[in-house]
Each structure stands twice: as C-alpha cells, then as structure tokens.
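K.L.:
Task: produce atomic coordinates for the following.
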Amino acid sequence: MTELVRYRVDGSVARLTLDSPDNRNALSTVLVEQLHDGLRRAAADAAVRAVVLGHTGGTFCAGADLREAAGRDPGDVAVDRARELTGALRAILELPVPVIAAVDGHVRAGGLGLIGACDIVVAGAGSTFALTEARIGVAPSIISLTLLPKMTPRAAGRYFVTGEKFDAREAERIGLVTVATDDVEATLAELTAQIGRGSPQGLAASKALTTAALLERFDRDADALTEQSAALFVSDEAREGMLAFLQKRPPNWVS
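P.N.:
The predicted model follows:
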C-alpha cells in the first residue's frame, strides 16, 4: 500500500506527515486510515509526549477527495466519508498526548476540521485558509464540531458562508490558529520542548480538561451532523457543484 502518512519519532515527539501532495493531501479513505494508524502508534509509545501533524507540498489538506468520491456510489460515499472524518477528528481529540498542527501552506474545507481538533496550531506566515463547502453545495457539517468551539462567532458567521481566503494572522486573531509565525520549525521546537517537561499522566489529564466539552458535543451531535452531511452530499446541487469543481467551470445552480 502506498504510504500517504509518514510516521517517525524524534526524541519525545512523533511526527505524522501527510504525504499525498499530488491530490493536495485530500482526505481519501487510505489517508484517513493511515492517519488513524499513526495516532495509535503514538498513543502506544510511552516515550512520546507530543504529536506533530505536518505535511509535504504546498497544501496541508484540501478536504475531501472529490476524485475518489466520483468513482463510487454517492450514497455509500456520503455516509462512509462522514464517518471517516468524524472518527479522525475524535481520534485526535482523544489522544492522550497533545497534537500540534504544523501548517506551512494552504488549508481548505475538511482540512480546517483537522486543525480544529488539534490542541495547538502553528501556521507559517504564507498559509491560507478557506471554508469552501457552500461553493459546491454542501456545508462544513462534521467539522463544525471542532471549528465552532475554536473560532469566534462573528468569524464563523462570515467564513462559513463566504468561502473567502484568510491568512495566518487572521486565523490567529479568530482563534483557529494558536501561533502565526515566520519560522514554523523554531516555534515547534520551543513548544515541544516545553511539553516534553510534562509527565504522561499530567499531560493526559490536562489535555482531557480542554477536550471534554468538545467530546460531549460529539456524543450529542455527531450522528445528526453525519446524516446532514450525507444528505447534502448526494443532493442534485452538490453533484453539480462537485462536477463543476472537477471540470474547473462555474456551477449551474438550478432551483
């Protein structure tokens, strides 16, 4: 199987690297499965104190893999994709060590859900972000579970519907990013050194305090949001939106 998520341990830090630059690290079934595997390996390693989730290429993650979805039955894809994404976000939240997203590129749609689930987000100055779901006829249903608790309400009200790009400084201002920096690796080194001074028990218990409310929302709302996501995905509007995206043309919205 092609390795789409690379795993290595450097001291007390496990590095998980999304390595599918040809499709902009889109959330294919294989990539999500390998992400889960890497998180499990990190959780099982008693020496690991932090996980850094990074990427190769100019895009951290472009969201759903629309080309993969085009080759399968829409109904099956919709439900499977929603469950895969929910599971990935929950796995990050439940990991007993902090997860730091290292972003030095573009983040779109479901990719924002990933960084929303991370405990700390470090973004390079050239990074850009956009919630583009509404432009293809769907909505950020599942990823709202991790984004709404992090973003300011005014920012969510704007960026959920406009689909416009914003930069790392704006992402920091609205709570999506922890640190916007000109030197991602230096910032990571500083943060992981501080985290490395914590005990396994202390880190796990401290992280759990910050994720408890998010996990409660998963328990309460994830099933309903999965159904909403699936229903939107198989709608006529979404089919037109995704086809237009793949064909690089404006969508033809028909009521």
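K.L.:
Tell me, please, where in the stretch 51-200 of the chain the pLDDT is lower than the cut-off.
P.N.:
The model of the stretch 51-200 of the chain has pLDDT under 70 over residues 68-77.
K.L.:
how about the helix or strand hosting residue 86: buried residues?
P.N.:
For residue 86, the host element (DSSP states H and E) is helix 74-94. By neighbour count with 16 or more other C-beta atoms under 10 Å, helix 74-94 contains the buried residues 74, 77-79, 81-86, 88-93. Where you see a C-beta, it was placed from the backbone N, CA and C, and this is true even at glycine.
K.L.:
same deal with stretch 7-19?
P.N.:
7, 12, 13, 14, 15, 16, 17, 18, 19.
K.L.:
Other residues contacting that stretch?
P.N.:
Contacts with stretch 7-19, where a contact means C-beta atoms under 8 Å, 6 or more residues apart in numbering, come from 3-6, 25, 31, 35, 37-39, 41-42, 45, 47-56, 60-61, 192, 196.
K.L.:
still on that earlier bit, of the buried residues of stretch 7-19, which belong to strands?
P.N.:
Members of these lying in strands (criterion: DSSP state E): 7, 13, 14, 15, 16, 17, 18.
K.L.:
hmm, back to that, same for the helix holding residue 86, what does it pack against?
P.N.:
Under the contact criterion of 3 or more C-beta pairs under 8 Å, 6 or more residues apart in numbering; DSSP states H and E, the helices and strands touching helix 74-94 comprise helix 29-44, helix 110-117, helix 144-147, helix 200-233.
K.L.:
pull the CA atoms of the following helix or strand past it into CSV?
P.N.:
Once helix 74-94 ends, the next helix or strand along the chain (criterion: DSSP H and E) is strand 99-103. Coordinates of the C-alpha atoms in strand 99-103 are reproduced here as CSV (Å, rounded to 0.1, in the frame of the first residue of the first chain):
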residue,chain,number,x,y,z
VAL,A,99,-1.3,17.2,19.0
ILE,A,100,0.3,20.2,17.3
ALA,A,101,-0.7,21.0,13.7
ALA,A,102,2.3,22.3,11.7
VAL,A,103,0.9,24.3,8.8
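K.L.:
Need the contact partners of strand 99-103.
P.N.:
Residues from elsewhere that reach strand 99-103 (C-beta under 8 Å, 6+ apart): 50-55, 60, 92, 114-115, 117-124, 127, 168, 177, 184, 188, 191-192.
K.L.:
So what's the gap between that strand and the chain middle?
P.N.:
Relative to the chain's own centre, strand 99-103 is displaced by 10 Å; criterion: C-alpha atoms, centre = their mean, to the nearest Å.
K.L.:
Direction included, what does the helix or strand following it pair against?
P.N.:
Per DSSP H and E, strand 99-103 leads on to strand 106-108 as the next helix or strand towards the C-terminus. Strands adjacent to strand 106-108 in the sheet, as given by DSSP bridges, are strand 59-61 (parallel), strand 128-130 (parallel).
K.L.:
Identify each buried residue in strand 106-108, please.
P.N.:
Result for strand 106-108 [16+ other C-beta under 10 Å]: buried residues 106, 107, 108.
K.L.:
Which member of the residues you listed is positioned nearest residue 225?
P.N.:
residue 108 (19.2 Å; C-beta to C-beta).
K.L.:
mind listing which of the contacts of strand 99-103 are in helices?
P.N.:
92, 114, 115, 117, 168, 184, 188, 191, 192 (DSSP state H).
K.L.:
Distance to residue 162 and mean neighbour count added to the helices and strands packed on helix 74-94, as JSON lines?
P.N.:
Putting the helices and strands packed on helix 74-94 into JSON lines (distance: least, C-beta to C-beta, whole Å; neighbours: other C-beta atoms under 10 Å) gives the following:
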{"stretch": "helix 29-44", "distance to residue 162": "27", "mean neighbour count": "18"}
{"stretch": "helix 110-117", "distance to residue 162": "14", "mean neighbour count": "27"}
{"stretch": "helix 144-147", "distance to residue 162": "15", "mean neighbour count": "23"}
{"stretch": "helix 200-233", "distance to residue 162": "18", "mean neighbour count": "15"}
